[in-house]
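**Q** Take this sequence and fold it.
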Amino acid sequence: MIKNDMDKAQAIAKKIASANDVSIDMRAKISYSSSSAVSELESCVSDLTALVQQFSANTKVDSVNVIQVALALKQADKKSAEVVAGHE
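**A** Numbers count the residues shown, from 1 in each chain. Just a heads-up that it's a prediction; the model follows:
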């Protein structure tokens, strides 16, 4: 089988080249920079980066909200204690 045997393919190519004025180059080149798989991977990474940045922003907002709730509860406790102390 020629397609899986590089030596046989090269031997045949040499016979053809020596009998005729033909040049055969057996090298294959793959450019990953123009690969659709790489392009899709870059797109996915870009999307994930945006998601992580949005998650980070949302987490900061949630942290501020939690602190504000904690402060409001502390103030409510203080006012309740003042009311109770005023009725004693």
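**Q** chain center to whichever helix in the chain runs longest, what's the gap?
**A** Identified as the longest helix of the chain according to DSSP state H is helix 36-86. The chain centroid and the centroid of helix 36-86 are separated by 23 Å under CA atoms, centre = their mean, to the nearest Å.
**Q** In terms of position in space, what residue lies nearest the middle of the chain?
**A** Against the mean C-alpha coordinate of the chain, by CA atoms, centre = their mean, the closest residue is residue 45 at 2.4 Å.
**Q** okay, it: pLDDT?
**A** pLDDT for residue 45: 93.
**Q** Next: residue 21.
**A** Reported pLDDT for residue 21: 61.
**Q** What of the one 10 residues further on?
**A** Residue-level confidence at residue 31 comes out at 73, pLDDT.
**Q** try the one 3 residues further on
**A** Listed pLDDT for residue 34 reads 79.
**Q** Number of residues surrounding it?
**A** Other residues near residue 34 come to 8 when the count uses other CB atoms under 10 Å. Placement of C-beta: from N, CA and C, glycine included.
**Q** Numbering from 28 from now on, please.
**A** Fine by me, first position is 28 from now on; the one you just mentioned is residue 61.
**Q** Could you pull up phi and psi at it?
**A** Phi and psi for residue 61, reported as degrees, to the nearest 10, are phi -110, psi 10.
**Q** Please tell me how far it sits from residue 78.
**A** For residue 61, the distance to residue 78 equals 27 Å [CB to CB, to the nearest Å].
**Q** helices and strands of this protein: which one bottoms out on pLDDT?
**A** When the helices and strands of the chain are scored by mean pLDDT, DSSP states H and E, helix 33-46 comes last with a mean of 73.
**Q** Report the backbone C-alpha coordinates of it in PDB.
**A** The C-alpha coordinates for helix 33-46 follow below in PDB (Å, rounded to 0.1, in the frame of the first residue of the first chain):
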ATOM      1  CA  MET A  33       6.700   6.700   2.500                       C
ATOM      2  CA  ASP A  34       9.600   4.700   1.200                       C
ATOM      3  CA  LYS A  35       7.600   3.100  -1.500                       C
ATOM      4  CA  ALA A  36       6.000   6.400  -2.400                       C
ATOM      5  CA  GLN A  37       9.500   8.100  -2.600                       C
ATOM      6  CA  ALA A  38      10.900   5.200  -4.700                       C
ATOM      7  CA  ILE A  39       8.000   5.500  -7.200                       C
ATOM      8  CA  ALA A  40       8.400   9.300  -7.200                       C
ATOM      9  CA  LYS A  41      12.200   8.900  -8.000                       C
ATOM     10  CA  LYS A  42      11.400   6.500 -10.900                       C
ATOM     11  CA  ILE A  43       9.000   9.000 -12.300                       C
ATOM     12  CA  ALA A  44      11.300  11.900 -11.800                       C
ATOM     13  CA  SER A  45      14.300  10.100 -13.400                       C
ATOM     14  CA  ALA A  46      12.300   9.000 -16.400                       C
END
